[in-house]
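A.B. asks: below are the sequence and a predicted model; questions follow.
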Amino acid sequence: MGKIIETPLPGGGLGWTSMDQREIDAVAEVLRNPGDLFRYPREGRQGQCQMFEQEVCEKLGAKHALMLASGTGALTVCLSAYGIGPGDEVIVPAYTYISTASAVTNAGAVPVIAEIDNSLGLDPADVERKITPYTKAVILVHMQGVPGRLDAISTICRKHNLRLIEDACQAIGSKYKGKYTGMGTDAVAWSLNFYKVITCGEGGVFITNDDDAYIRGVYAHDPGTPMWKTGLARESTLAPYTQMGMRGNEVCGAIARVQLSKLDTILGKTRALKKHLLKCLDKPINYELQHVDDPEGECGISLTMIALDKERARGMSRIMSEQGLEMGSVYNEGFPDRHIYSYWDAIMQKRGSTPAGYPWKDPNYRGNVEYSLDMCPNTLDILGRSMRFTFNVRLTEEHVEKAARVINFADANL
């Protein structure tokens, strides 16, 4: 008998794979007017970044959006906008890109790493265990397009008077119980990096409904803000301050506007493909599916199966590979996924940009956070049993039917 999948499934991505002449035309239009390349347009003109920010607000029903140079910058601004900095601790999940923890150190605060559960997001019970008198915020990361346990984490944050920041860098367009993620909490960050749902190559967005937080975010992302006539920020009574140079640019703004207009089409396809794959799966024997609080609101860009033990994960992965579907575990002895805390060398070793050991040795910090490679055993265990299938816009129903056949075969023949 031959392989179930003889020809490899089509590769590709989301936003970048959806690019066409519209993005090219948008960039060309900006370049035809090189005098308008600056983030702040000439008097009487409206810039691409400004229009993108307005369109994000219209899409989400948000009050404020600010385009930045990266998702890391957007997360940093989320924290700075609420005055989080030296002396403070911020809880982050053990499963996320290092940028989540780096944003905390950028703001001058100390990251505290908490376990994930079978949602692959923050474990509410461990979040509560990790709260200290120095905790000021929690960053809930929506990994691989799947919102975490937002209700449970929100309840904990309200109970302890903590800020709740959402990292939707991998989950642009996701919803939670009918609302776009980030619309019920303090702030949310998007990433427009090449690999994300929509992209302009690199960029980020800080989104909030808080007027004062927005103004502080504007000051944080551009220390020269008071020199430019930028509306609300210029007229604010809040004192300006200096922090970063993280302005967006007009070329990226033009691309991002076109990509935003394609968001519903991209997610419409991935969500439909995931639902179809789920329908084609037999009742699991050797695995369970990732917990999803709100199946209707997730982006549909990934399907994660969590094997009942690591041996079964290895066995299923081997059979699936033999049948033409590469679907290895997220975490193993190699280096398959850089989104695991144990690979954050700079954080693990408390290394800042100078020998002073900032922010851990900042005199304002009274806590005592320690890190070790085995500090989150539940996270390493769950990821060691997790196998992921990712959806891209080049896949068809026929492709996911074949993937389902391989998964069913591997589960039945382990």
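C.D. replies: Arrived safely, thanks for sending. Residues are numbered from 1 along each chain as shown.
A.B. asks: all contacts plus neighbour counts: C-alpha atoms, from now on.
C.D. replies: Will do.
A.B. asks: low-confidence ranges, the stretch 201-350 of the chain, go.
C.D. replies: Within the stretch 201-350 of the chain, the stretches with pLDDT under 70 are 226-237, 328-336.
A.B. asks: hmm, try it at 50
C.D. replies: Within the stretch 201-350 of the chain, the set of residues satisfying pLDDT under 50 comprises 233, 333-334.
A.B. asks: quick one, helices of it?
C.D. replies: Counting by DSSP state H, counting those that start in this stretch, residue ranges of the helices within the stretch 201-350 of the chain are 211-221, 232-235, 250-280, 310-322, 345-348.
A.B. asks: same question for the stretch 51-200 of the chain.
C.D. replies: Using DSSP H, counting those that start in this stretch, the helices of the stretch 51-200 of the chain run over residues 71-80, 98-106, 124-130, 150-159.
A.B. asks: export those as TSV, with columns for mean neighbour count, mean pLDDT and distance to P240.
C.D. replies: Supplementary listing: the helices of the stretch 51-200 of the chain in TSV, determined by neighbours: other C-alpha atoms under 10 Å; pLDDT from 0 to 100; distance: least, C-alpha to C-alpha, whole Å:
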stretch	mean neighbour count	mean pLDDT	distance to P240
helix 71-80	30	97	12
helix 98-106	24	97	18
helix 124-130	16	98	33
helix 150-159	16	98	28
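A.B. asks: dead centre of this structure: give me the residue that sits there.
C.D. replies: Closest residue to the average C-alpha location of the chain: C169 at 2.6 Å, with C-alpha atoms, centre = their mean.
A.B. asks: got the confidence number for that one?
C.D. replies: According to the predicted model, the pLDDT of C169 comes to 98.
A.B. asks: I'd like the distance between it and L289.
C.D. replies: When C-alpha to C-alpha, to the nearest Å is applied, the distance between C169 and L289 equals 23 Å.
A.B. asks: ends of stretch 114-129, how far apart?
C.D. replies: Counting by C-alpha to C-alpha, you get 9 Å between the two ends of stretch 114-129.
A.B. asks: is it fair to say P8 lies in a helix?
C.D. replies: No - remark: P8 does not belong to a helix; assigned using DSSP: H, G, I helix; E, B strand; the rest coil, it is coil.
A.B. asks: which residues touch it?
C.D. replies: The contact partners of P8, taken as C-alpha atoms under 8 Å, 6 or more residues apart in numbering, are G324, L325.
A.B. asks: hmm, try it at 7 Å
C.D. replies: Residues in contact with P8, defined by C-alpha atoms under 7 Å, 6 or more residues apart in numbering, are G324.
A.B. asks: if I look at it, how far off is S321?
C.D. replies: The spacing between P8 and S321, counted by C-alpha to C-alpha, is 11 Å.
A.B. asks: and if you look at T390?
C.D. replies: Relative to S321, T390 is positioned 15 Å away (C-alpha to C-alpha).
A.B. asks: re earlier: mind checking which of the helices of the stretch 201-350 of the chain is nearest Q48?
C.D. replies: Q48 sits nearest to helix 250-280 of all the helices of the stretch 201-350 of the chain, at 5.0 Å, using C-alpha to C-alpha.
A.B. asks: next, the buried residues of that closest one.
C.D. replies: Residues of helix 250-280 classed as buried under the neighbour-count rule (16 or more other C-alpha atoms under 10 Å) are 250-260, 262-263, 266-267, 269-271, 273-274, 276-277, 280.
A.B. asks: likewise stretch 311-327?
C.D. replies: With the criterion 16+ other C-alpha under 10 Å, stretch 311-327 contains buried residues 312-327.
A.B. asks: just the closest of these to G108, please.
C.D. replies: Of all the buried residues of stretch 311-327, the one with the least separation from G108 (C-alpha to C-alpha) is M327, at 38.6 Å.
A.B. asks: state the distance from the closest one to E298.
C.D. replies: In terms of C-alpha to C-alpha, M327 sits 21 Å off from E298.
A.B. asks: same check on K402?
C.D. replies: For K402 relative to E298 (C-alpha to C-alpha), the value is 23 Å.
A.B. asks: which SS class is the residue nearest to G12 when sequence neighbours are not counted?
C.D. replies: Nearest-residue entry for G12: N392, 5.7 Å, with adjacent residues in sequence omitted and distances by C-alpha to C-alpha, 6 or more residues apart in numbering. Classification of N392 using three-state DSSP returns coil.
A.B. asks: so who does N392 touch?
C.D. replies: With contact taken as C-alpha under 7 Å, 6+ apart, N392 is in contact with G12, G13, L14, T270.
A.B. asks: could you find the closest non-adjacent residue to H399?
C.D. replies: L9 (6.5 Å).
A.B. asks: for the one you found, grab the count of nearby residues.
C.D. replies: A count of neighbours around L9, defined by other C-alpha atoms under 10 Å, yields 17.
A.B. asks: same check, this time on V138
C.D. replies: Neighbours of V138 under the rule other C-alpha under 10 Å: 27.
A.B. asks: ok, it - contacts?
C.D. replies: For V138, the contacting residues are V90, I91, V92, R163, L164, I165, by C-alpha under 7 Å, 6+ apart.
A.B. asks: any idea which of those is closest to C200?
C.D. replies: Distances from C200 to the contacts of V138, taken as C-alpha to C-alpha, are shortest for I165 (23.3 Å).
A.B. asks: pretty sure that closest one sits against D186.
C.D. replies: Yes - in this structure, I165 sits in contact with D186. The criterion is C-alpha atoms under 7 Å, and the distance is 5.9 Å.
A.B. asks: picking up where we left off before, between K402 and E298, which one's more packed in?
C.D. replies: More crowded of K402 and E298, by other C-alpha under 10 Å: E298, with 26 against 19.
A.B. asks: tell me the contacts of that one?
C.D. replies: By C-alpha under 7 Å, 6+ apart, the residues touching E298 are G145, V146, P147, S174, K175.
A.B. asks: try 6 Å
C.D. replies: The neighbourhood of E298, defined by C-alpha atoms under 6 Å, 6 or more residues apart in numbering, consists of G145, V146, S174.
A.B. asks: same check on N364?
C.D. replies: Counting by C-alpha under 6 Å, 6+ apart, N364 makes contact with P86, G87.
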